[in-house]
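Dropping a prediction and its sequence here:
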Amino acid sequence: MQRAGGSVAGSHPLFGGALSAVFPHSARDTSELREIPDNQEVFAHEHTDQSLIVELVEYQRQVEDRDAARYHFEDIAGSNKALEPGAFEVTSVVHMSKSELSLSDCSSAWMLTGTQCVSKFNEEARNTVTLHLGLFRLPQFSTDVLITFNDPQGISPDSSSAASAETHREPWTVQDFQRLLQTLTLHNPGLFG
């Protein structure tokens, strides 16, 4: 449901209100807990080890639209030290119709689903995480907007996440993530410089 000014009822401001989206229940802004880079907004589920990251990254002009989500997924795998064979896998890449999106300024939008075996805080223990990645391509602003939903599937007993793995009360769903993607709205293009 749209409100005056184009924002969706229940939407949460991002990047000082330049963007907004409807976040699922129990989403806690982690900037209250730790320092977050200026190009990211990070939210953690209050009762599970799930997280959502909204990130502004440089538009990769050399990467075709249909390959861009995979490109960013592999970049995340590199950051997670999950590049060795068997440590990451893409299971689907789907084009999102602009008619279903509030962010109509994008040239294309994609949703990727895959898995990565990652360790948290440079621990030895590795956890299997399903990554749902939404990508909005904004070449006119030299920006790709990435939204990542990290959904742990298998937590190593030696991981610092093991304690929260037992308390999966009302976890977020793929439908919650899709709603976030569909409601992402740009209010101030000045965000992109």
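Cool, the structure landed.

in its sheet, what does the helix or strand where residue 111 lies sit against?
Per DSSP states H and E: residue 111 is located in strand 108-118. Here strand 108-118 is paired, per DSSP bridges, with strand 88-96 (antiparallel), strand 127-138 (antiparallel).

between those strands, which gets nearest to residue 180?
For residue 180, the closest of the strands paired with strand 108-118 is strand 127-138, at 7.6 Å, according to C-beta to C-beta. Quick note: C-beta positions are derived from backbone N, CA and C, even for glycine.

Flag every buried residue along that closest one.
For strand 127-138, burial by neighbour count (16 or more other C-beta atoms under 10 Å) applies to 127, 129-138.

Tell me the first helix or strand C-terminal of that strand.
Next helix or strand after strand 127-138 toward the C-terminus (DSSP H and E): strand 143-154.

partners of that following strand, with directions?
Strand pairing for strand 143-154, using DSSP bridges, gives strand 51-58 (antiparallel), strand 127-138 (antiparallel).

Extract the CA atoms of the shortest one and return them as PDB.
Meaning strand 51-58. Output of strand 51-58 as PDB, limited to C-alpha atoms (Å, rounded to 0.1, in the frame of the first residue of the first chain):
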ATOM      1  CA  SER A  51      20.900 -11.400   8.300                       C
ATOM      2  CA  LEU A  52      20.000  -9.000   5.500                       C
ATOM      3  CA  ILE A  53      22.500  -6.700   3.900                       C
ATOM      4  CA  VAL A  54      21.700  -3.800   1.600                       C
ATOM      5  CA  GLU A  55      24.800  -2.700  -0.200                       C
ATOM      6  CA  LEU A  56      25.700  -0.100  -2.800                       C
ATOM      7  CA  VAL A  57      28.600  -1.300  -5.000                       C
ATOM      8  CA  GLU A  58      30.200   0.000  -8.200                       C
END
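
Fine, thanks again, bye for now.
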